[in-house]
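Undergrad: need coordinates for the below:
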Amino acid sequence: MADEIRAEMVANVWKVVTTAGATVTHGDTLVILESMKMEIPVLAESGGTVSQVAVHEGDVVHEGDLIAVIG
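TA: Got it, this is the predicted structure:
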């Protein structure tokens, strides 16, 4: 079953660390968000292969927006 990683707050996508097709383990950083001058890493909640990265650097995400899918 695919694991959807979603934004927990409104933030800017500061850096995309992973790519589709990359293998990740629990706790790996997928993207780094920036909000109120703080950097917030978004971590993989499970291991697997990244099947989709739904954001690009510079995007603005809102609470609940899809960031990545790990299959």
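Undergrad: and the closest residue to Glu4 other than its chain neighbours, how far from Gln52?
TA: The shortest distance from Glu4 to any residue other than its chain neighbours is 5.5 Å, reached at Val69 (CB to CB, 6 or more residues apart in numbering). Yep, even glycine has a C-beta here, placed from its N, CA and C like the rest. Relative to Gln52, Val69 is positioned 4 Å away (CB to CB, to the nearest Å).
Undergrad: over to Ala68?
TA: Ala68 is 6 Å from Gln52, where distance means CB to CB.
Undergrad: show the end-to-end separation of stretch 36-54, please.
TA: By CA to CA, to the nearest Å, the extent of stretch 36-54 from end to end equals 22 Å.
Undergrad: what residues of that stretch count as buried?
TA: Along stretch 36-54, these residues count as buried under the neighbour rule (16 or more other CB atoms under 10 Å): 40, 42, 44, 48, 50, 53-54.
Undergrad: need the contact list for Leu33.
TA: Remark: with contacts taken as CB atoms under 8 Å, 6 or more residues apart in numbering, Leu33 is in contact with 7, 9, 11-14, 39-42, 61.
Undergrad: relative to Ala22, which of those is nearest.
TA: Sorting the contacts of Leu33 by distance to Ala22 puts Val42 at the head of the list, at 14.1 Å, by CB to CB.
Undergrad: helices and strands around the strand or helix carrying the closest one, which ones?
TA: Under the assignment given by DSSP states H and E, the secondary-structure element containing Val42 is strand 38-43. Using 3 or more CB pairs under 8 Å, 6 or more residues apart in numbering; DSSP states H and E as the contact criterion, the secondary-structure elements in contact with strand 38-43 are strand 29-35.
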